[in-house]
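1. what follows is a predicted structure for the sequence shown.
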Amino acid sequence: MITLYGANRSRASRCLWLLEELGLPYEQVAIEVGSPELKAPEFLAINPAGKIPALREGDLVVTESIAI
């Protein structure tokens, strides 16, 4: 399952739009810009830069909305 980390009112909206257009099943973890969650060890293990959006599917992690 695809997991997208990022809030609707961030650049994650581009990724959410793409996932909806493609009709892919996904889970969204809504993390706001500037949230302390971005510095949590669990999130830094996904994206060491501590930024959203980040997309994870299995072992694959892609960051930056344009790359996703």
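-> Cool, the structure landed.
2. the strands in this protein, which residues?
-> All strands of the chain, identified by DSSP state E, fall at 2-5, 26-29, 54-57, 60-63.
3. so residue 10 makes contact with residue 30?
-> No. At 9.3 Å, residue 10 does not count as touching residue 30 under the criterion of C-beta atoms under 8 Å. In short, each C-beta sits where N, CA and C put it, glycine included.
4. those two: which has the busier surroundings?
-> The neighbour comparison of residue 10 against residue 30 (other C-beta atoms under 10 Å) goes to residue 10, with 20 against 15.
5. quick check on the more buried one: phi, psi?
-> Dihedral pair for residue 10: phi -150, psi -180, per degrees, to the nearest 10.
6. and it, how far from residue 35?
-> According to C-beta to C-beta, to the nearest Å, residue 10 and residue 35 sit 10 Å apart.
7. also residue 61?
-> Distance, residue 61 to residue 35, using C-beta to C-beta: 19 Å.
8. so what pLDDT did residue 10 get?
-> Note for residue 10: predicted pLDDT of 94.
9. could you find the closest non-adjacent residue to it?
-> Leaving aside its sequence neighbours, residue 10 sits nearest to residue 33 (C-beta to C-beta, 6 or more residues apart in numbering; 5.3 Å).
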